[in-house]
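*Asks:* sharing a sequence plus its predicted fold:
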Amino acid sequence: MHELSIVEALIEQVEKEVQRSGHQGRITRLDLVIGRLSGVNADSIRFAFTMLAPGTLVADATLEITEPKAVCCCQICGQAADIDEISALCPHCGSGEVTIEGGQELILESIELEQ
């Protein structure tokens with residue numbers, strides 16, 4: 001489960017950012033963006049976070065995850081459609097002239113600290 005190593009890296013990144021900021025309060029919330037086509041399972045991230053957070057700076061933080069869909073954009077008919085899986089064909093006209101935008105994100109969007 002590669003989500004464990006992702007959460008380990010996330011905790012390290014958060015600790016570094018908080019230390020760099022010089023803030024002494026506790027971390028109350030983390031906001032992540034995990035695109036549906038990123039290959040990362042959000043439920044596994046939540047589970048790994050509950051396993052790894054105790055004893056770290058994020059021990060008391062809530063983890064909020066947003067899971068944006070990707071958008072399939074057709075170069076032929078000009079339509080755009082939200083998708084949950086990679087699609088090689090336009091869902092409107094069936095053309096293979098499509099590009100996929102978004103849905104592959106894995107971003108630490110924000111760290112909320114207690115004042």
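*Replies:* That came through, no problem.
*Asks:* strands of this structure, start to end?
*Replies:* 27-34, 62-66, 70-74, 80-83, 98-101, 106-113 (DSSP state E).
*Asks:* of those strands, which is nearest Cys90?
*Replies:* strand 70-74 (3.9 Å; C-beta to C-beta). To be clear about C-beta, it is placed using only N, CA and C from the backbone, and glycine gets the same treatment.
*Asks:* hmm, back to that, can you list the strands of the chain in TSV and add mean neighbour count?
*Replies:* Listed next are those as TSV, based on neighbours: other C-beta atoms under 10 Å:
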stretch	mean neighbour count
strand 27-34	19
strand 62-66	14
strand 70-74	19
strand 80-83	16
strand 98-101	15
strand 106-113	14
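*Asks:* bridge partners for the residue positioned nearest the centre of the chain, pull those for me.
*Replies:* Residue closest to the mean C-alpha point of the chain, counted by C-alpha atoms, centre = their mean, is Ile34 at 2.1 Å. Ile34 has these beta-bridge partners by DSSP bridges: Leu106.
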